[in-house]
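In: The following comprises the amino acid sequence and a computationally predicted model.
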Amino acid sequence: MSDTPKIVEMQVIPVAGYDSMLLNIAGAHHCYFTRILLVLKDNAGHTGVGEAPATGVVLKILNDAVPHIVGQEIGIMNQLVSDLHKRDLDENRQPKPVLPGFRPWDLERHHNAVAVLETALLDLMGQFLNQPVAQLLGPGKQRDEVPVLGYLFYIADRQKTDLDYLPGNAQAGQHPWYHLRHQEVMSHDKVVQLAEAAQDKYGFKDFKLKGGVQAGEVEIETVRALKKRFPQARITVDPNASWSLDQAISLCKDMHGILSYVEDPCGAEQGFSGRETLAEFKRATGLPVATNMIANDWRQMSHALQLNAIDIPLADPHYWSMRGANTIGTLCNAWGLTLGCHSNNHFDVSLAMLAHLGAAAPGEITPFDTHWIWQEGQHLTKNPLQIKEGKLALNGLPGLGVELDMDAVGIAHQRYNNLRQKDRDDAVAMQYLIRGWAFDGKRATLVR
Ligand SMILES: O=C([O-])[C@@H](O)[C@@H](O)[C@H](O)[C@@H](O)C(=O)[O-]
Ligand SMILES: [Mg+2]
């Protein structure tokens, strides 16, 4: 029989960090965002970690899993992961079906739990084998540096709320990014200024604008302004399916050479699924389409591919799992698609997850999304990876290559415990701007 280390402890630690008042179709980001750390210790003295979005559902699934994981060998990691998957489905906690009107992250919950367990086990296995996680995925490590894009948002005026948003830091000697990321950004000029600061700080070559906030015509003008300022950049816009098909076609059809690809321009409408409308959008405009909304599991992916609805699946390891997302990368490489990666606000364990996923992806990839620039400075690990020249470089260490800073984790955990609203709800902050504001997946956030 094999003799791999045994798991002796499993901790599920919810944590919270600070965020800016970033606008999207679901409202405005609260001043706090929440995540879950899954920490596994084995009897070889290694600690494996994973990070996932925090919801009560995921916390419960993971806490319920503790007795099934502790005492097991890491050598049966595949079985441990698939057992959690099956156990949870048996208990009828499947993700909600993707229906029009669902917020982009509503479908991910069950998958978040499975993915974070797999990540922490991969981290332990990598340390046992003295190899980076990227070597344990699909074809093994393909590159040492992973391109990431500058993820830009319109930002609301935090001073219209009494929430604890950080004010920013305009002190001499501080990079302007650390101030600008907390200030109101609504105009084209301000978005360009934000992009300039982000590029100067992190060296981005490419940008994504989160849309679904202002009228589509306004957002397209912002895209034009970005392209004018950064003519070499690949630029995309993501209105999270809030535009109608007709509107999406009319907004984007003349954007060749300005938009390199478009992310979820439209979604389900009038009896047609989001996969069908994206296929029509692609045919009508000839623009490549990325998605994190309509191809998020194998069944959805199969329909999306049969319809030729997408070019760039944004395979987020937090719901596809590291190995699932890597498999999407293999499929992309074989079938002429391009792997990208979706993100949400995250800490530095997730940053390492993205780096290993990108490092193991065969063929060409599109620069990955990451929200890290909005959180950078709030680390939970010692020596977090850095974004330099628009890239994330692996650090050469085995496993995920992260070491938790338990003091920082303790503070972030206390911050989480102090929150009244623990699950993400962007309507809360939004209601300071528009009284009684409610999510409507087909109406831009500010067009009410
Ligand atoms: O952070 C946000 O507001 C985004 O809207 C995020 O929640 C989305 O899931 C994501 O970034 C996306 O690409 O749709
Ligand atoms: Mg998206």
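Out: Received the coordinates, thanks. The structure displayed is predicted, hence computed values, not measured ones. Numbers count the residues shown, from 1 in each chain. Ligands and ions are numbered 1, 2, ... in the order given.
In: can we go C-alpha only for contacts and neighbour counts from here?
Out: Noted.
In: so does stretch 302-312 get close to ligand 1?
Out: No: figure legend: stretch 302-312 not in contact with ligand 1 (Cα under 6 Å from any ligand atom); closest approach 12.1 Å.
In: buried sites along that stretch?
Out: The neighbour-count check on stretch 302-312 (16 or more other Cα atoms under 10 Å) flags 304-305, 308-312 as buried.
In: Using CSV, write down the CA coordinates of that stretch.
Out: C-alpha atoms of stretch 302-312 as CSV (Å, rounded to 0.1, in the frame of the first residue of the first chain):
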residue,chain,number,x,y,z
SER,A,302,-21.0,21.3,-24.3
HIS,A,303,-24.0,23.3,-25.3
ALA,A,304,-21.9,26.5,-25.7
LEU,A,305,-19.4,24.6,-28.0
GLN,A,306,-22.1,23.0,-30.0
LEU,A,307,-23.6,26.4,-30.7
ASN,A,308,-20.2,27.9,-31.4
ALA,A,309,-21.2,30.6,-28.8
ILE,A,310,-17.8,31.4,-27.3
ASP,A,311,-14.1,31.8,-28.0
ILE,A,312,-12.6,32.5,-24.6
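In: how far out from the middle of the chain is it?
Out: Stretch 302-312 sits 21 Å away from the centroid of its parent chain (Cα atoms, centre = their mean, to the nearest Å).
In: Can you give the contact residues for it?
Out: With contacts defined as Cα atoms under 8 Å, 6 or more residues apart in numbering, stretch 302-312 is touched by 275-280, 282, 288-291, 294-295, 337-340, 366.
In: what about it, average pLDDT?
Out: The average pLDDT for stretch 302-312 rounds to 98.
In: Kindly confirm my reading that residue 444 is in a strand.
Out: No: counting by DSSP: H, G, I helix; E, B strand; the rest coil, residue 444 is not part of a strand but coil.
In: Okay, and residue 209 sits in which element?
Out: Per DSSP states H and E: residue 209 is located in strand 207-210.
In: Could you list every helix and strand in contact with that strand?
Out: Applying 3 or more Cα pairs under 8 Å, 6 or more residues apart in numbering; DSSP states H and E, one finds that strand 207-210 contacts strand 150-152, strand 235-238.
In: could these go into TSV alongside distance to residue 138 and mean pLDDT?
Out: Shown next, in TSV, are these (distance: least, Cα to Cα, whole Å; pLDDT from 0 to 100):
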stretch	distance to residue 138	mean pLDDT
strand 150-152	27	99
strand 235-238	28	98
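In: Columns distance to ligand 1 and mean neighbour count on top of those, output as a markdown table?
Out: Formatted as a markdown table, the helices and strands packed on strand 207-210 follow (distance: least, Cα to the nearest ligand atom, whole Å; neighbours: other Cα atoms under 10 Å):
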| stretch | distance to ligand 1 | mean neighbour count |
| --- | --- | --- |
| strand 150-152 | 8 | 24 |
| strand 235-238 | 6 | 24 |
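In: For the ones you listed, give me TSV that also has distance to residue 254.
Out: Converted to TSV, these look like this (distance: least, Cα to Cα, whole Å):
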stretch	distance to residue 254
strand 150-152	22
strand 235-238	14
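In: wait, which of the ones you listed is closest to residue 20?
Out: Closest to residue 20 of the helices and strands packed on strand 207-210, according to Cα to Cα: strand 150-152, at 11.7 Å.
In: The stretch 301-448 of the chain: strands as residue ranges?
Out: 312-313, 381-382, 387-388, 391-393, 403-404 (DSSP state E, counting those that start in this stretch).
In: Could you say which of these is packed most deeply?
Out: strand 312-313 (a mean of 26; mean count of other Cα atoms under 10 Å).
In: Any buried residues in the longest helix belonging to the chain, and which?
Out: The longest helix of the chain (DSSP state H) is helix 109-129. The neighbour-count check on helix 109-129 (16+ other Cα under 10 Å) flags 109-128 as buried.
In: shaky segments in the chain?
Out: 1-2, 88-109 (pLDDT under 70).
In: Swap in 90 and give it another go.
Out: Within the chain, the ranges that satisfy pLDDT under 90 run 1-3, 57, 85-111, 169-173, 297.
In: Relative to residue 227, how far out is the most centrally placed residue in the chain?
Out: Geometric centre of the chain, nearest residue: residue 343, 1.0 Å, by Cα atoms, centre = their mean. Distance, residue 343 to residue 227, by Cα to Cα, to the nearest Å: 23 Å.
In: cool, residue 405 as well?
Out: As defined by Cα to Cα, residue 405 lies at a distance of 40 Å from residue 227.
In: of those two, who's got more company?
Out: Taking neighbours as other Cα atoms under 10 Å, residue 405 and residue 227 compare with residue 227 leading, 21 against 13.
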